[in-house]
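Asker: pasted the sequence and its predicted model underneath.
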Amino acid sequence: MNDFKTLRYDERGGVAWITLNRPDVLHSFDTVMMHEIHRCWSDLRTNDDVNAVVLTATGDTAFCTGVDRNAAAIGDADRPRDLGQQGATPLHFDDPGDWLPPKTAGRLWKPVIAAVNGMACGGAFYLLAEADIIIAAEHATFFDPHTTYGMAAVFESMMLLQRVPLGEALRISLMGAHERMSARRAHEIGLVQEVVPSDELAEAAARVAEVIASQPARAVQATVRAIWYAQELGYRQALNVGKAVVQLGTDEKDLADGQALFASGRRIPWRAR
């Protein structure tokens, strides 16, 4: 996966690094980027060399600013048929959300760590809402400008509500471009799990991704799937599904290795967060 036009892709230590790379338009996405991101998620499902993913962007100005409204492929009336209204009525409609989120679009249950290196707004929430862990640079900001420019904030706000309290989702969506949430506030409400200085962002993301990638893949992926089931289903439904997931996520060799490690008395070095 090294022939991308809008992304940089690298693998090291069981971790795939996907870097958005359209800095001239603040990493907003056109249809090319949408297809390339979707291809990454799909290909990673079958890439057994990768057990965790870091998603970030080049530079330190922006992580992603949503749809590139100046791109002919999205903004013009003759945009490709894989985006926007299909046919004479609005009942057949394709949205960027069909292509970008790792769980919805890619059915990917390998953990995705988002390293937010600057401004994240609008359609960036297609990516962030389905990341598993978000780490932000201190200068990162979050906002949704849809309403300011006469557009309803619908899919992004629905997805954001899976990660933040109701009032916070409403405030981000309704304040539009007039207010930005700081990385500190995003951490306070649980949208972001860690805030670090800008020059430590890649190291912090690598630390989390590499630890996760070093652990048994089946157990890790089943854990991710179980937690998202619990987020999406009713409580009792999730517990019932969990009875199957716990069986699927248990590999006898991994379990034996883990028991041997515990019995050896050697304890895992840990750090406080």
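Answerer: Thanks, I have it.

Asker: all contacts plus neighbour counts: C-alpha atoms, from now on.
Answerer: Will do.

Asker: quick one: the helices in this protein?
Answerer: 31-45, 72-75, 124-128, 155-160, 166-175, 183-188, 201-213, 217-232, 235-248, 252-263 (DSSP state H).

Asker: how about stretch 145-152: buried residues?
Answerer: Within stretch 145-152, the residues that count as buried by 16 or more other C-alpha atoms under 10 Å are Pro145, His146.

Asker: now do the end-to-end distance for that stretch.
Answerer: Stretch 145-152 has an end-to-end distance of 10 Å (C-alpha to C-alpha, to the nearest Å).

Asker: pull the residues that contact it.
Answerer: Residues from elsewhere that reach stretch 145-152 (C-alpha atoms under 8 Å, 6 or more residues apart in numbering): Cys121, Gly122, Ala153, Ser173, Leu174, Met175, Gly176, Ala177, His178.

Asker: repeat the analysis, applying 10 Å as the threshold.
Answerer: 65-66, 121-123, 153-154, 156, 172-180 (C-alpha atoms under 10 Å, 6 or more residues apart in numbering).

Asker: gap between it and the chain center?
Answerer: 23 Å (C-alpha atoms, centre = their mean, to the nearest Å).

Asker: follow-up on the earlier one: from the helices of the chain, which stretch is densest packed?
Answerer: Comparing the helices of the chain by mean neighbour count (mean count of other C-alpha atoms under 10 Å), helix 124-128 comes out on top with a mean of 25.

Asker: gap between that one and the chain center?
Answerer: With C-alpha atoms, centre = their mean, you get 6 Å for helix 124-128.

Asker: measure Thr148 to Glu168 for me?
Answerer: Look at Thr148 and Glu168: by C-alpha to C-alpha, they are 17 Å apart.

Asker: now swap in Glu179 and tell me
Answerer: 12 Å.

Asker: could you do Asn21 as well?
Answerer: 30 Å.

Asker: just to revisit the earlier point, now the helices of the chain as JSON lines including mean pLDDT?
Answerer: As requested, these are exported to JSON lines (pLDDT from 0 to 100):
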{"stretch": "helix 31-45", "mean pLDDT": "94"}
{"stretch": "helix 72-75", "mean pLDDT": "48"}
{"stretch": "helix 124-128", "mean pLDDT": "97"}
{"stretch": "helix 155-160", "mean pLDDT": "94"}
{"stretch": "helix 166-175", "mean pLDDT": "97"}
{"stretch": "helix 183-188", "mean pLDDT": "98"}
{"stretch": "helix 201-213", "mean pLDDT": "98"}
{"stretch": "helix 217-232", "mean pLDDT": "96"}
{"stretch": "helix 235-248", "mean pLDDT": "94"}
{"stretch": "helix 252-263", "mean pLDDT": "83"}
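
Asker: turn those helices into CSV, columns for distance to Val54.
Answerer: As requested, those are arranged in CSV below (distance: least, C-alpha to C-alpha, whole Å):
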stretch, distance to Val54
helix 31-45, 12
helix 72-75, 27
helix 124-128, 12
helix 155-160, 20
helix 166-175, 25
helix 183-188, 18
helix 201-213, 7
helix 217-232, 15
helix 235-248, 25
helix 252-263, 25
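
Asker: can you pull out the strands in the stretch 1-150 of the chain?
Answerer: Assignment of strands within the stretch 1-150 of the chain using DSSP state E, counting those that start in this stretch yields the ranges 7-12, 15-20, 52-57, 62-64, 84-85, 93-94, 112-116, 119-121, 133-137, 141-143.

Asker: which elements pack onto the fourth one?
Answerer: Which is strand 62-64. strand 15-20, strand 52-57, strand 112-116, strand 119-121, helix 124-128, strand 141-143 (3 or more C-alpha pairs under 10 Å, 6 or more residues apart in numbering; DSSP states H and E).

Asker: which strands and helices sit next to the second one?
Answerer: Of the remaining helices and strands, those touching strand 52-57 by 3+ C-alpha pairs under 10 Å, 6+ apart are strand 7-12, strand 15-20, helix 31-45, strand 62-64, strand 112-116, strand 133-137, helix 201-213, helix 217-232.

Asker: do the same with the last one
Answerer: Secondary structure elements in contact with strand 141-143, counted by 3+ C-alpha pairs under 10 Å, 6+ apart, are strand 62-64, strand 119-121, helix 124-128, helix 166-175, strand 181-182, helix 183-188.
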